[in-house]
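Colleague: next comes the sequence, and after it the predicted model I'd like to discuss.
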Protein chains: 2
Amino acid sequence: MKEIRYTPIGIIQTPFKTNAGMPIQPAGAKGARGTLKINRNFLEGLKDLEGFSHLILIYHFHLSTDFSLSVIPFLDDTPRGVFATRAPKRPNPIGLSVVKLNRIEEDTLYIENVDIIDGTPLLDIKPYVPAFDVFKNATVGWLTDKEKAVPQKKSDNRFK
Amino acid sequence: MKEIRYTPIGIIQTPFKTNAGMPIQPAGAKGARGTLKINRNFLEGLKDLEGFSHLILIYHFHLSTDFSLSVIPFLDDTPRGVFATRAPKRPNPIGLSVVKLNRIEEDTLYIENVDIIDGTPLLDIKPYVPAFDVFKNATVGWLTDKEKAVPQKKSDNRFK
């Protein structure tokens, strides 16, 4: 299939310099602050964003150099199909996190609850909209009862 | 910034052959069925996915040939910064939809509540996990009170 090419719209800056010890989801990253530095060519696209409390960030797992179709996720000790996990070693290493937006100053977005490694290329920002994005009663297969462990769980080097 | 290259993992097949008249979000696409045809090289990655009722699809808006930093969204008549909207004409035309998963048969995933045009290249599938993805009380800026109109609203040709 035809190759698709993207150019980052900016860079994600966070306190996490290595994979080991990182929170594994925004739910485990409460209070962790970061910034998005947006390429100045795209600043006009940020208009009206400040009214949203939460943003969906879509980014490139730049440290994932290869993929595995079967991975042992942080929350489990059984290999799972990679598409049934949020692990970074995916055929297209695209990451997704919902973070809190605190404020915007020109090319800088101040964000909170960041579970992303410093220097990650940002591909897109979308507003988080409960009417579009909330499905409270979704069932979660192998993650049932395991998702509660997320706030305590930290990353290690397994997906380097 | 450095260009990033992805290759689709499959194709999204839906009843929507043109932009005009399409639902604008899964919330407006209740009952619309589609299928994901996954490249056979990646089938092992689908293991364990069937336990999840909802999937996050990340895909390429292949009909978006250009972008605008300021767009008039379907739910408004005022121009908004593109990153404060879910419109397809984005610097990186990446789409995101949460759909219902009905069943999986080999390389075919049967999905429901699809707001995506037929033939769209699929980049990634992630499990939807309420513990990671639900932020009920998020505020939605310009979309306040407008999000309720989504189930009735249909797309037109403005983002062709």
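Modeller: The structure has been received and is ready for your questions.
Colleague: the spatially most central residue of chain A sits in which helix or strand?
Modeller: Chain A has residue A:97 as the residue nearest its centroid, 3.1 Å off, counting by Cα atoms, centre = their mean. Secondary structure from DSSP states H and E places residue A:97 in strand A:94-105.
Colleague: tell me which helix or strand comes right after that strand.
Modeller: Using DSSP H and E, the helix or strand that follows strand A:94-105 in sequence is strand A:108-112.
Colleague: quick one: is that next one near chain B?
Modeller: No - counting by Cβ under 8 Å from any Cβ of the partner chain, chain B is not contacted by strand A:108-112; separation bottoms out at 9.5 Å. No exception for glycine: its C-beta is placed from N, CA and C like everyone else's.
Colleague: ok now the lowest-mean-pLDDT helix or strand in chain A, how far from the chain's centre?
Modeller: Ranked by mean pLDDT, DSSP states H and E, the helix or strand of chain A with the weakest confidence is helix A:130-133, at a mean of 92. Relative to its parent chain, helix A:130-133 has a centroid offset of 18 Å by Cα atoms, centre = their mean, to the nearest Å.
Colleague: right, is that helix up against chain B?
Modeller: Yes - counting by Cβ under 8 Å from any Cβ, chain B has neighbours in helix A:130-133: A:130, A:131, A:132, A:133.
Colleague: what's the answer for stretch A:71-81, then?
Modeller: Yes - counting by Cβ under 8 Å from any Cβ, chain B has neighbours in stretch A:71-81: A:80, A:81.
Colleague: go through that stretch and flag the buried ones.
Modeller: For stretch A:71-81, the buried set under the neighbour-count rule, 16 or more other Cβ atoms under 10 Å in any protein chain shown, comprises A:71, A:73, A:74, A:75, A:79, A:80, A:81.
Colleague: before we move on, back to that, can you list the strands that the strand holding residue A:97 pairs with?
Modeller: Strand pairing for strand A:94-105, determined by DSSP bridges: strand A:54-60 (antiparallel), strand A:108-112 (antiparallel).
Colleague: got the phi/psi numbers for the spatially closest residue to residue A:18 that is not a sequence neighbour?
Modeller: Nearest non-adjacent residue to residue A:18, counting by Cβ to Cβ, 6 or more residues apart in numbering or on different chains: residue A:117, 7.5 Å away. Geometry field for residue A:117 lists phi and psi as phi -80, psi 150, criterion degrees, to the nearest 10.
Colleague: who touches residue A:117 in this structure?
Modeller: Neighbouring residues of residue A:117 by Cβ atoms under 8 Å, 6 or more residues apart in numbering or on different chains: A:14, A:16, A:17, A:18, A:19, A:22, A:63.
Colleague: restricted to buried residues, select the residues you listed in ChimeraX.
Modeller: Selection of buried members from these for ChimeraX, criterion 16+ other Cβ under 10 Å:
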select /A:14,16,19,22
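Colleague: as TSV, the contacts of residue A:117 with secondary structure would be great.
Modeller: Shown next, in TSV, are the contacts of residue A:117 (DSSP: H, G, I helix; E, B strand; the rest coil):
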residue	secondary structure
A:14	coil
A:16	coil
A:17	coil
A:18	coil
A:19	coil
A:22	coil
A:63	coil
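Colleague: can I get the contacts of residue A:117 in a markdown table including pLDDT?
Modeller: Converted to a markdown table, these look like this (pLDDT from 0 to 100):
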| residue | pLDDT |
| --- | --- |
| A:14 | 95 |
| A:16 | 92 |
| A:17 | 89 |
| A:18 | 81 |
| A:19 | 77 |
| A:22 | 77 |
| A:63 | 92 |
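Colleague: which stretches of chain A form strands?
Modeller: A:4-6, A:10-13, A:33-38, A:54-60, A:70-71, A:80-81, A:94-105, A:108-112, A:120-127 (DSSP state E).
Colleague: deepest of the ones you listed, which one?
Modeller: Compared across these, strand A:120-127 shows the largest average neighbour count, a mean of 24 (mean count of other Cβ atoms under 10 Å in any protein chain shown).
Colleague: counting contacts, what elements does it pack onto?
Modeller: With contacts defined as 3 or more Cβ pairs under 8 Å, 6 or more residues apart in numbering or on different chains; DSSP states H and E, strand A:120-127 has these neighbours: strand A:10-13, strand A:33-38, strand A:54-60, strand B:94-105.
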